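Undergrad: My questions concern the predicted model and sequence given below.
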Amino acid sequence: MKSLITVLIIVVLCVGCASVPEADFSPDRPCVKVITYNVNWGFVEPQNVVDYICKTDADVICLQETHRHWKTFLKGQLTKRYPHCVFKEWSGAGGIAIMSKYELHNVKLIAPAEGWFPALLADVQTPMGFIQVLNVYLRPPLSDQGTFNPSAYYKTPDIHLKELQGFLAYTDNSKPLIITGDFNENENKKAIQWLIEQGFTDALSSYDTYTKTWKWDTSYGISLSNRYDHIVISRHLQCTGARVTQVKASDHMPVLAVVVSK
């Protein structure tokens, strides 16, 4: 019996490994390396954020929960590496930013018709040509008063879908598009599933189906975790590798994806 169980475990592991392709973070053709990172408005361990960004050396960094202190700190240390930056403040934790090695054009802050926070849209002039980048921060699963309750939790997937559809109305679906950000829901919920139905691909799920991108240690001694942070690419693009990195700074972990043209 023990030997049979061992064989079954090996088979399951092999099947799981076979279903996930090998990641290539340095493809031998033009690519764009993108990071999405909710850095946390609490401004916790900011130097760890900078160290991670420098070590990873991505091309485009999409940030959520930024504010004037994050702007001053990040631009002060990263301007030479990322000369093209846009930081937009918003009430509460709704600040949003894009830092890029490449020029940004047609930058637009999109106010939310649904939800609480805006999105930031830009055309990025990459070696692969212009790519639209849409950075979003969808509504947290909280009530209008900012508290958690079951009703708010179950209503937010519908709100997320409306938020996303509203933001996408400002994009051109005939051109390459990368959607990044804190979706406040995992890839099995409505927003990501709707995008997949439209022909988009969730980059992280292609290479990692289990690592959490958010963790919160509650005051009750219970840890909550989920996969809230995503990089989603349009049909014009292909992801060659994606991963989550454990960084001691925010309650969120950064997600990196490497993207090439199809």
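TA: Nice, I can see it. Residues are numbered from 1 along each chain as shown.

Undergrad: hey, let's count contacts and neighbours off CA atoms from now on
TA: OK.

Undergrad: among the helices and strands of this protein, which has the poorest mean pLDDT?
TA: helix 2-18 (a mean of 46; mean pLDDT, DSSP states H and E).

Undergrad: Next SSE downstream of that helix?
TA: Next in sequence after helix 2-18, counting helices and strands by DSSP states H and E, comes strand 32-38.

Undergrad: Find out how far that following strand is from the centre of the chain, if you would.
TA: Distance, stretch centre to chain centre, for strand 32-38: 7 Å (CA atoms, centre = their mean, to the nearest Å).

Undergrad: Buried ones in the helix or strand following it, by neighbour count?
TA: Next along the chain after strand 32-38, taking DSSP H and E as the criterion, comes helix 46-56. Using 16 or more other CA atoms under 10 Å as the burial criterion, the residues of helix 46-56 that qualify are 46, 49, 52-53.

Undergrad: Sheet partners, orientation included, of the helix or strand following helix 46-56?
TA: Moving toward the C-terminus from helix 46-56, the next helix or strand (DSSP H and E) is strand 60-66. Using DSSP bridges, the strands paired with strand 60-66 in its sheet are strand 32-38 (parallel), strand 95-100 (antiparallel).

Undergrad: Next, residue 72: secondary structure please.
TA: helix (DSSP: H, G, I helix; E, B strand; the rest coil).

Undergrad: actually residue 206, sorry about that
TA: Residue 206 is classified as helix under three-state DSSP.

Undergrad: shouldn't residue 167 be in contact with residue 109?
TA: No - Residue 167 lies out of contact with residue 109 (CA atoms under 8 Å); the separation is 9.9 Å.

Undergrad: Between the two, which contacts overlap?
TA: Contact criterion CA atoms under 8 Å, 6 or more residues apart in numbering; residues bridging residue 167 and residue 109 by contacting each: residue 119.

Undergrad: what ranges of the stretch 51-200 of the chain fall below the confidence cut-off?
TA: 143, 145-154 (pLDDT under 70).

Undergrad: all helices of it, in order?
TA: Counting by DSSP state H, counting those that start in this stretch, the stretch 51-200 of the chain has helices at residues 68-78, 150-168, 190-197.

Undergrad: which residues are contacting the first one?
TA: Among residues not part of helix 68-78, those counted as contacts by CA under 8 Å, 6+ apart are 43, 46, 50, 87, 89.

Undergrad: Roughly how far does the last one sit from residue 65?
TA: With the distance defined as CA to CA, to the nearest Å, residue 89 ends up 9 Å from residue 65.

Undergrad: Tell me which of those two has more neighbours.
TA: Using other CA atoms under 10 Å, the more surrounded residue of residue 89 and residue 65 is residue 65, with 23 against 16.

Undergrad: my read: the more buried one touches residue 94, true?
TA: Yes - with contact defined as CA under 8 Å, residue 65 counts as touching residue 94 (5.4 Å).

Undergrad: So what's the residue count around residue 87?
TA: Count around residue 87 with other CA under 10 Å applied: 21.

Undergrad: what's the distance between it and residue 117?
TA: Distance from residue 87 to residue 117, counting by CA to CA: 14 Å.

Undergrad: Now do the shared contacts for these two.
TA: residue 95.

Undergrad: about what we covered before: mind listing the shared neighbours of residue 89 and residue 65?
TA: 95-96.

Undergrad: one step back: okay if I get the strands paired with strand 60-66 as a markdown table plus distance to residue 212 and mean neighbour count?
TA: Formatted as a markdown table, the strands paired with strand 60-66 follow (distance: least, CA to CA, whole Å; neighbours: other CA atoms under 10 Å):
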| stretch | distance to residue 212 | mean neighbour count |
| --- | --- | --- |
| strand 32-38 | 13 | 24 |
| strand 95-100 | 22 | 24 |
